[in-house]
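S.K.: Here is a sequence with its predicted model. Questions after.
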Protein chains: 2
Amino acid sequence: MRRQNLRLVLRHVSRNGKSSRAQLASATGLTKATVSSLVAELLDAYLLIELGPEPRGLTGRPGSALALNPDRYAGIGLEINVDYVAACVTDLKHRIRYHHVECADNRADAKIALDRLARLGSVAIRAAHEMELTPCGITLALPGIVDQVTGRLLRAPNLNWTDLPVVESLGDRLDVRPEEIHLDNEANLAALGELWFGGGEALGDFIHVSGEIGIGAGIVTRRALYRGARGFAGEIGHISIDPSGELCGCGGRGCLERFCGQEAMLRAAGLPPAAPATSTGDPGGPISGLLAALQRGEQQAIRAVRQGGEALGIGLAGVANVVDPDTIVLGGIFTPLASWLMEPFTAALLRQTVVTRWAPPRVAVSSLGPQAAVRGAAGSVVQRILADPSLFISGEEE
Amino acid sequence: MRRQNLRLVLRHVSRNGKSSRAQLASATGLTKATVSSLVAELLDAYLLIELGPEPRGLTGRPGSALALNPDRYAGIGLEINVDYVAACVTDLKHRIRYHHVECADNRADAKIALDRLARLGSVAIRAAHEMELTPCGITLALPGIVDQVTGRLLRAPNLNWTDLPVVESLGDRLDVRPEEIHLDNEANLAALGELWFGGGEALGDFIHVSGEIGIGAGIVTRRALYRGARGFAGEIGHISIDPSGELCGCGGRGCLERFCGQEAMLRAAGLPPAAPATSTGDPGGPISGLLAALQRGEQQAIRAVRQGGEALGIGLAGVANVVDPDTIVLGGIFTPLASWLMEPFTAALLRQTVVTRWAPPRVAVSSLGPQAAVRGAAGSVVQRILADPSLFISGEEE
């Protein structure tokens, strides 16, 4: 019960930015005495801070506002994608305190890729410590199907990795206990990144489309991820939009990502499949060549991206017909490509969505682009802290 | 609070079939005195009946079991589909007490179709009264997009009906107040019919596919319909599986129902688009000619249905990739066609579903076929009764 109430109080402060004890009591239905005692524990655990008295206008004595403490705990987000690795650190207030991306082809060798990630991860952990933040867990975003219970990557088609004990391998390299490391699909985490760090609740129920070499989606309804019955929802990259089309590595034909995945569009634009490895915070990294060609007005590049956009619109219309979101958010590489891709995408989407006339889905461009997944990963650590603050309170640990 | 508790008690009895007062107290956490008083009200309102004492083994005195009263209240389900109208009556225990289907082409004239439906509806209401059941509402299933707030059908592409005040028109014809009539999409109601009258909870999270002239789906997660942000989820008939394919009435191209809707398969089989109008309880009615051809082993018919099954498998793989259900249920005309359609359907579905290797979706055939929607319609009236029993209790009405 106390555990529930600690959570209730912390969540309310998190949602509202700041809150007085009196506001907490009235919002939660708890007595003022109970709230005061819960707040005292959360202050002692460095989860909350006291902002000091605020003017409250004409009536009542000024309440002291409470806020999340941004200077004590941190979440570490890591990501392995096909052509980059990334790490970031966020504090309890969902502020990004550290962010690093390194372009590299991870397909060659899983061991090397995990070494690379561990190197970035240990730098991120050190960065957190230098800011006097205590890392409270790691979430790793992967471009494939994961088993969250066993901590294994089952299959990442575009990495060509199958059945790897990723949590164990990363734990060994970072000297972190496996129970501190969580896995999730990068498209899921990118959608959560968009919810917590990007467009947020203004998007309503939304589908976040992650464009990378593969294409995935995260479906957010009522501020939570829709995961499906077995946790595999949102695998839109292998929707067939041409059953007699090209054979895909997944075994199907005419899969969506064969039309508008990064490599498909680069190929159609007459460009090499990947940019050279660079260490950069620039999210445009892997498609910088394509962006340059578009900016120069090269017709083949423009046509390639417009055709990709149309295919994406057809695929997403199918998804919108099934899921009926308020908003579709274009993320990943579709964010920097939006200027060229948006018009054919929207035209195809609206043409093939049944309810366009009554309730056309809104289309938005992510402000985070390819950075959404690693942010969502770090944010999901923060969410675990907010979900069970009792773990941080001495004597409450079970 | 009392309203909530009445609902809690009634729901528990409904879920468990029968229950003693002691079991209710322990299941709901309410005191025995409170339970006894709530039960007394529900008995007085004829919502519950007392089954009398039951043997309880060695200990305690025998409790008297309570059950839903199946002999007082009824839900009326009505359906207008493209080529039939239907009506049914169910009691509180979800037993079908009356069912009638009439084949007729409803495309010609909405007024005539509504007259036809009203005739069936008034026979069903009379049948309920003759069984001494009090009808407590009507739900009407329609093959299109409805606005539940205004009671209007916005668009039924396969009927070619647009923006009709269906609730008002039906209310006038039946002399029933508009607030007693609810509308819903037939694919949604068919999925609920499957949940309440068919495979039920054993299906887990499921997608129910309604094959008629159009194709729709209802998505059930955690025993409830997933409706989407604006209530339009599950419109799978217009997913494009061939963007360069035939133009559809919806404005899109290569829509799924152009490949495996009833008329598409009849045409491919070389059969006329609709069977002659008959009054029948036989759900095979509209496709009886096709079923006969299949049973005679006619190759063109077999090929047509197998091709339809394959297209359906490709479309549903896309849906399964997005939604990740435990089970896909083939309903509507796909139920009687399952013997011919199942194998190519399942092969295409599993080939194009990403997680087949780890967690292939199960495929089931509805036991209700085209009767699911009208049953779901009647059942949804019962659910409204169970959701707010206080409306039936004198002095509780507001």
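M.R.: Ah, there it is.
S.K.: How many neighbouring residues does the residue of the stretch 51-200 of chain A at minimum distance from chain B have?
M.R.: In the stretch 51-200 of chain A, no residue comes nearer to chain B than A:L154, which is 5.6 Å away by Cβ to the nearest Cβ. (Glycine included, C-beta is placed from N, CA and C.) By other Cβ atoms under 10 Å in any protein chain shown, 19 other residues sit near A:L154.
S.K.: Looks to me like it is in a helix.
M.R.: No - counting by DSSP: H, G, I helix; E, B strand; the rest coil, A:L154 is not found in a helix; it is strand.
S.K.: hang on, isn't it packed against A:L142?
M.R.: No - under the criterion of Cβ atoms under 8 Å, A:L154 is not in contact with A:L142, lying 9.8 Å apart.
S.K.: picking that back up, excluding sequence neighbours, find me the nearest residue to the residue of the stretch 51-200 of chain A closest to chain B.
M.R.: A:I145 (4.6 Å; Cβ to Cβ, 6 or more residues apart in numbering or on different chains).
S.K.: give me every residue that touches the one you found.
M.R.: By Cβ atoms under 8 Å, 6 or more residues apart in numbering or on different chains, the contact set of A:I145 is A:L153, A:L154, A:R155, A:A156, A:N185, A:F232, A:E235, B:V354, B:V355, B:W358.
S.K.: Which one (most neighbours) among the residues you listed?
M.R.: A:N185 (29 neighbours).
S.K.: what's it sitting at in phi/psi?
M.R.: phi -70, psi 140 (degrees, to the nearest 10).
S.K.: ok, it - contacts?
M.R.: Here A:N185 is in contact with A:A141, A:L142, A:P143, A:G144, A:I145, A:V146, A:G216, A:G218, A:G234 (criterion: Cβ under 8 Å, 6+ apart).
S.K.: So which residues on the stretch 51-200 of chain A come close to chain B?
M.R.: Applying Cβ under 8 Å from any Cβ of the partner chain, we find that the stretch 51-200 of chain A lies next to chain B at A:I145, A:D147, A:L154, A:R155, A:P157.
S.K.: Can I get those in TSV including pLDDT and distance to B:R21?
M.R.: Below are these laid out as TSV (pLDDT from 0 to 100; distance: Cβ to Cβ, whole Å):
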residue	pLDDT	distance to B:R21
A:I145	91	49
A:D147	93	45
A:L154	93	50
A:R155	90	53
A:P157	85	57
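S.K.: Could you single out the nearest of the residues you listed to B:V166?
M.R.: Set against B:V166, the nearest of these by Cβ to Cβ is A:I145 (44.2 Å).
S.K.: need the next SSE after the top helix by length along chain A, C-terminal direction.
M.R.: Scanning chain A for the longest helix, with DSSP state H as the assignment, gives helix A:299-323. The helix or strand immediately downstream of helix A:299-323 is strand A:327-332, counting by DSSP states H and E.
S.K.: what angle do that following strand and helix A:299-323 make?
M.R.: Strand A:327-332 runs at 140 degrees relative to helix A:299-323, counting by axes from the mean of the first three to the mean of the last three Cα atoms, to 10 degrees.
S.K.: partners of strand A:327-332 in the sheet?
M.R.: strand A:206-211 (parallel), strand A:362-365 (parallel) (DSSP bridges).
S.K.: Please identify the most buried of those strands.
M.R.: strand A:206-211 (a mean of 31; mean count of other Cβ atoms under 10 Å in any protein chain shown).
S.K.: Is chain B within reach of the helix or strand that it is followed by?
M.R.: As assigned by DSSP H and E, the chain's next helix or strand after strand A:206-211 is strand A:215-221. Yes - counting by Cβ under 8 Å from any Cβ, chain B has neighbours in strand A:215-221: A:A217, A:I219, A:T221.
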